[in-house]
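Asks: Okay, sequence plus prediction incoming.
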Amino acid sequence: MLQVENIHTYYGDSHILHGVSMEVKERSLSVILGRNGMGKTTSIRSIIGFTPPRHGKIVFQGNEIQQLPSYKIAKSGIGLSPQGRGIFPNLTVKENLTLAARSCSGSGWTLEKVYELFPRLKERGLSMGGNLSGGEQQMLSICRALMTNPDLLLLDEPSEGLSPIMVQEVANIISRLKKEGLSILMVEQNIAMALKVADRVYILSKGQVVFEGTPDDLRNNTEVKVQYLGTGH
């Protein structure tokens with residue numbers, strides 16, 4: 001579904017990603033872990049085209065996309081739920097969702113289907129985005145990405161700032177989306193939640209991939225967890 005091959009990304013003169021490679025297989029979930037400031041969000045920004053890599057390739061469904069503007073990358077079938085959620089606080093829930101709607105014969109996400117998955121958003125349909133709780137805003141951000149009917153969903157820190165109960169709810173939703181056949185690349189700080197839903201794990205440190213493996217590989221590697229994630233659990 002997605003292959004990131006040896007990308008180097010810069011902010012001005014600052015060299016942030018140093019030859020990052022990773023992949024997302026069809027109908028699977030890959031997760032990027034790592035401490036703050038190690039290049040996780042920059043990886044997402046590189047894929048969606050906000051901060052295109054200067055070197056390396058990004059191949060989505062067989063086509064190179066690293067030279068495309070971000071709106072064309074989104075149109076090609078990549079949806080983004082960004083860090084900080086990025087919803088429109090002065091629009092209603094329904095307006096936030098319908099604004100992003102794009103018809104597609106594929107996964108067929110419609111307002112009705114989104115409301116079925118997230119009944120709470122249906123209840124809050126006429127509420128302003130800014131009046132929602134953090135968890136509801138996160139749901140809205142994910143749903144807005146779904147309304148573009150993507151083949152690949154990018155999730156940047158979906159559990160950030162949420163209560164443990166909401167983290168569990170978001171994890172359940174992500175698992176359900178995977179069962180629906182969506183391919184997902186997720187950046188996450190909550191290691192336990194990430195390992196519960198992931199098929200493949202990448203750890204970034206100082207803009208480089210320092211670990212790649214299955215969730216079980218990581219669970220059994222205390223040295224990597226302590227060195228790069230600051231946890232032995």
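Replies: Nice, thanks for sending it over.
Asks: tell me the centre residue of this structure?
Replies: residue 155 (1.5 Å; Cα atoms, centre = their mean).
Asks: In terms of helices and strands, where is that one?
Replies: Element membership of residue 155 [criterion: DSSP states H and E] is strand 152-156.
Asks: contacts for that strand?
Replies: Taking contacts as Cβ atoms under 8 Å, 6 or more residues apart in numbering, the residues outside strand 152-156 that touch it are 1-2, 24, 40-41, 44, 47-48, 60, 77-83, 142, 145-146, 174, 177, 182-188. Every C-beta, even on glycine, is put in place using the N, C-alpha and C of the backbone.
Asks: measure residue 53 to residue 201 for me?
Replies: 22 Å (Cβ to Cβ, to the nearest Å).
Asks: before we move on, what about residue 167?
Replies: Relative to residue 201, residue 167 is positioned 18 Å away (Cβ to Cβ).
Asks: end-to-end on stretch 157-165?
Replies: 16 Å (Cα to Cα, to the nearest Å).
Asks: And for stretch 57-67?
Replies: Stretch 57-67 has an end-to-end distance of 9 Å (Cα to Cα).
Asks: Show me which residues of it are buried.
Replies: Buried positions in stretch 57-67, judged by neighbour count with 16 or more other Cβ atoms under 10 Å: 58, 60, 65, 66.
Asks: Okay, now the unreliable bits of the chain?
Replies: Scanning the chain for pLDDT under 70 picks out 84, 100, 102-107, 232-233.
Asks: Show me how the record splits it into domains.
Replies: Listed by automatic domain parsing, the domain ranges of the chain are 1-77+151-233, 81-150.
Asks: which residues sit against the longest helix anywhere in the chain?
Replies: Ordering each helix of the chain by length in residues (DSSP state H) puts helix 164-179 first. The contact list for helix 164-179 (Cβ under 8 Å, 6+ apart) reads 27-29, 117-118, 134-135, 138-139, 142, 146, 153, 155, 158-159, 162, 184, 186, 190, 193, 196-197.
Asks: next helix or strand past it?
Replies: Per DSSP H and E, the first helix or strand lying C-terminal to helix 164-179 is strand 183-187.
Asks: Okay, now the sheet partners of that following strand, with direction.
Replies: Each strand paired with strand 183-187, and its direction, by DSSP bridges: strand 29-33 (parallel), strand 152-156 (parallel).
Asks: I'd like these as JSON lines, with distance to residue 215 appended.
Replies: Output for these, formatted as JSON lines (distance: least, Cβ to Cβ, whole Å):
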{"stretch": "strand 29-33", "distance to residue 215": "8"}
{"stretch": "strand 152-156", "distance to residue 215": "17"}
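Asks: With respect to residue 212, which of those strands lies nearest?
Replies: Nearest to residue 212 among these is strand 29-33; the distance by Cβ to Cβ comes to 9.4 Å.
Asks: Would you mark the buried spots in that closest one?
Replies: Buried residues in strand 29-33, defined by neighbour count with 16+ other Cβ under 10 Å: 29, 30, 31, 32, 33.
Asks: got a list of what the second one touches?
Replies: Right, residue 30. With Cβ under 8 Å, 6+ apart, residue 30 has these contacts: 22, 23, 24, 184, 185, 186, 198, 199, 200, 201, 202.
Asks: how about 7 Å then?
Replies: 22, 23, 24, 185, 198, 199, 200, 202 (Cβ atoms under 7 Å, 6 or more residues apart in numbering).
Asks: Report the beta-bridge partners for the first one.
Replies: With DSSP bridges applied, residue 22 shows beta-bridge pairing to residue 4.
Asks: So what's the residue count around it?
Replies: When counting by other Cβ atoms under 10 Å, one arrives at 20 neighbours for residue 22.
Asks: The nearest residue to residue 150 once chain neighbours are set aside: which element?
Replies: Leaving aside its sequence neighbours, residue 150 sits nearest to residue 79 (Cβ to Cβ, 6 or more residues apart in numbering; 3.2 Å). Residue 79 is part of strand 78-81, with elements assigned from DSSP H and E.
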